[in-house]
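Peer 1: Next come a sequence and a model predicted from it.
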Amino acid sequence: MQIRFESSRREVSQMDTQALRDNFLVKDIFRNGEIHFVYSHYDRVIIGGAIPLATPLAIPVFDALKASYFLERREIGIINIGGEGEVIADGEHFAISKLGCVYVGKGTKEVLLTSKNPAEPAAYYLLSSPAHQTYPTRLFTKEDATPATVGSMETSNHRTIYKYIHMDGIQSCQLVMGLTVLQTGSVWNTMPSHVHDRRMEAYCYFDVPDNQRVLHLMGEPSETRHLWVGNRQAVISPPWSIHSGCGTSNYSFIWGMAGENKDYTDMDPVLIGDLR
Ligand SMILES: O=C(O)C(=O)C[C@H](O)C(=O)CO
Ligand SMILES: [Zn+2]
């Protein structure tokens, strides 16, 4: 598991392209037949990707956790961005289709990830944060997630937000998680931008067509930087950073947060005219 330490706001403002990518871009977590994780010291969130083929993949324990199993002191949200599959949590089976979500609570000793058809494998995005209480393991489909459509075609940011793990959905200790799908023709996400010093956030972009990219904006509102992001790549957003993007086509992304509160609406908006 790769470990990423924090960077200060001042450090980030001095970083060149490669340093920004090394610190904030999470690449290569989705590889056929493999499971990979990156540990971020922002709110101690762990970001992962898994593509099981014929053999199930188990979420392993890592020495860095000093635990006897991954979820001994953690919870995890799992969203499928690939073909049909199953999440098996301590022997309980959850069939999960594309855009379905399984939350697995603290104390679950074994989590197995499978694909129904290795020729069209499931692809699991994984987001885990520390937990101090056990909440029940649950499956949510996209339809359970009470979609909210925001933005408009006029401002190229027409999109639908699906919330899965949040105060009125799947219960958790501190994890908040869902996904956003942009309408065809819309390219902007999270514009106008916001920050929430109380929570870090991670974005995982998917369904980005081949040879297209998302220009992800990060940094303090008065000192923005950008990352060019490809399909199935994630971005770590520090609590003080905006997290907005503009695609060269439409695309979708999974967002997830952890920190001081679970209030999705707790955001400090940034006026477009104030961005620098
Ligand atoms: O499209 C959006 O806007 C989002 O999906 C915003 C994220 O959900 C977010 O940043 C939550 O804090
Ligand atoms: Zn946010």
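Peer 2: Now that the structure is in, tell me what you want to look at. Ligands and ions are numbered 1, 2, ... in the order given.
Peer 1: would you say Val12 is within a helix?
Peer 2: Yes. Secondary structure assignment (DSSP: H, G, I helix; E, B strand; the rest coil) places Val12 inside a helix.
Peer 1: I figured it hits Arg225, correct?
Peer 2: Yes. Here Val12 reaches Arg225: they are 6.9 Å apart, a contact under CB atoms under 8 Å. In this view, the C-beta of every residue, glycine as well, is placed from N, C-alpha and C.
Peer 1: Not counting its neighbours along the chain, what's nearest Glu6?
Peer 2: Leaving aside its sequence neighbours, Glu6 sits nearest to His41 (CB to CB, 6 or more residues apart in numbering; 5.0 Å).
Peer 1: What sits closest to Val26 if chain neighbours are left out?
Peer 2: Val26's closest residue in space is Ala234 (CB to CB, 6+ apart), at 3.9 Å.
Peer 1: and the residue nearest to Glu6, how many neighbours?
Peer 2: Around His41 there are 13 other residues, counting by other CB atoms under 10 Å.
Peer 1: Now do it, the pLDDT please.
Peer 2: pLDDT recorded at His41 is 98.
Peer 1: Backbone dihedrals for it, please?
Peer 2: phi -80, psi -10 (degrees, to the nearest 10).
Peer 1: Wait, it touches Ser7, no?
Peer 2: No. Counting by CB under 8 Å, Ser7 is not a contact partner of His41; they are 9.7 Å apart.
Peer 1: for ligand 1, what are the nearby residues on the stretch 51-200 of the chain?
Peer 2: When proximity is defined as CB under 6 Å from any ligand atom, the stretch 51-200 of the chain approaches ligand 1 at Arg159, Ile161, Thr180, Asn189, Thr190.
Peer 1: got the contact list for the closest residue to His132 other than its chain neighbours?
Peer 2: Nearest residue to His132, sequence neighbours excluded (CB to CB, 6+ apart): Cys173, at 6.0 Å. Listed by CB atoms under 8 Å, 6 or more residues apart in numbering, the contact set of Cys173 reads Glu75, Lys106, Ser129, Pro130, Ala131, His132, Gln133, Tyr135.
Peer 1: Please tell me the pLDDT value assigned to the closest residue to the first one other than its chain neighbours.
Peer 2: This points to Glu75. Leaving aside its chain neighbours, Glu75 sits nearest to Ala131 (4.0 Å; criterion: CB to CB, 6+ apart). Confidence at Ala131, expressed as pLDDT, is 98.
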